[in-house]
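A.B. asks: Got a predicted structure here, sequence first:
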Amino acid sequence: MTKHLILASSSRYRRELLDRLGLEYTAESPDIDETALPGETPRETALRLSEMKARAVWEKHPGSVVIGSDQTANLHGEKLGKPHTRERAIEQLTRMQGETVVFATALCVIDAEGKAEKLESLTTVRMRPLSRATIEAYVDREEPYDCAGSAKIEKLGIALMEAVESDDPTSLIGLPLMKLTTLLAHAGIEVLPGILSK
């Protein structure tokens, strides 16, 4: 019996990434409160929210396999969220310029029986020293208001970065596909037959 796969996300970036695996799925917004808890580290926030997103959708569709993901940007221990406005994007990038930022991308897959399995992928980004004019030009061209840290590596944001280190090349875009392939196999959905059998 084919399991129904659902991506608990309204992000077009995550949909575009999941499309790469060639799986049939639907996408549904989890509509949860994404506020960090007091004393919670950015990594803890991402892991908790990835499961909350998946669980919120799974409870509406029990028996499905549901993917949840969340990403936080950590600048010296401070969580940088989605800027939502031009002014906040410029402010974030100004503070990040010349600094190292750690992006935590958390992933949760809930199987058909309701069991959750979580993993995280960490990406370290070293930002270039940037002038105000450069930052404003980038923000006006890219309008990166819907991504944590305001820098989209899949587009022009790559020009803002000096170096990127990650255990999964798609992690920074918002969905670590190598880790997802593993979790989906554990939930009974194989991207390729026998991929984890050796």
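C.D. replies: That came in fine, so what should we check first?

A.B. asks: Could you measure from the spatially most central residue of the chain over to Ala185?
C.D. replies: When C-alpha atoms, centre = their mean is applied to the chain, the residue found nearest the centroid is Gly174 (2.8 Å). Taking C-beta to C-beta, to the nearest Å as the measure, Gly174 falls 21 Å from Ala185. Every C-beta, even on glycine, is put in place using the N, C-alpha and C of the backbone.

A.B. asks: where in the chain is pLDDT low?
C.D. replies: Along the chain, the model assigns pLDDT under 70 to residues 1, 197-198.

A.B. asks: mind listing the helices for it?
C.D. replies: Using DSSP state H, the helices of the chain run over 12-19, 42-58, 86-96, 132-142, 177-186.

A.B. asks: which stretches of this protein form strands?
C.D. replies: 5-7, 26-27, 65-75, 78-80, 100-110, 116-127, 161-166 (DSSP state E).

A.B. asks: So which bits of the fifth one are buried?
C.D. replies: Think strand 100-110. Buried positions in strand 100-110, judged by neighbour count with 16 or more other C-beta atoms under 10 Å: Val101, Val102, Phe103, Ala104, Thr105, Ala106, Leu107, Cys108, Val109, Ile110.

A.B. asks: what bridges to the first one?
C.D. replies: I take that to be Val101. Val125 (DSSP bridges).

A.B. asks: so it touches Met127, yeah?
C.D. replies: Yes. Taking C-beta atoms under 8 Å as the definition, Val101 is a contact partner of Met127 at 6.5 Å.

A.B. asks: which neighbours do the two share?
C.D. replies: Here Val101 and Met127 share no contacting residue, scored by C-beta atoms under 8 Å, 6 or more residues apart in numbering.

A.B. asks: Now for the nearest residue to Val164 once chain neighbours are set aside: which residues touch it?
C.D. replies: Spatial nearest neighbour of Val164, excluding adjacent residues (C-beta to C-beta, 6 or more residues apart in numbering): Val125 at 5.3 Å. Residues in contact with Val125 (C-beta under 8 Å, 6+ apart) are Thr100, Val101, Val102, Phe103, Gly149, Ala151, Ile153, Met161, Ala163, Val164, Leu172.

A.B. asks: what do you get for Trp58?
C.D. replies: Ile6, Ala8, Ser64, Val66, Ile110, Gly114.

A.B. asks: Likewise for Glu113?
C.D. replies: The contact partners of Glu113, by C-beta under 8 Å, 6+ apart, come to none.

A.B. asks: how about it, phi and psi?
C.D. replies: Per-residue torsions, Glu113: phi -90, psi -10 (degrees, to the nearest 10).

A.B. asks: Show me which residues of stretch 64-80 are buried.
C.D. replies: Those would be 64-75, 79-80, for stretch 64-80 by 16+ other C-beta under 10 Å.
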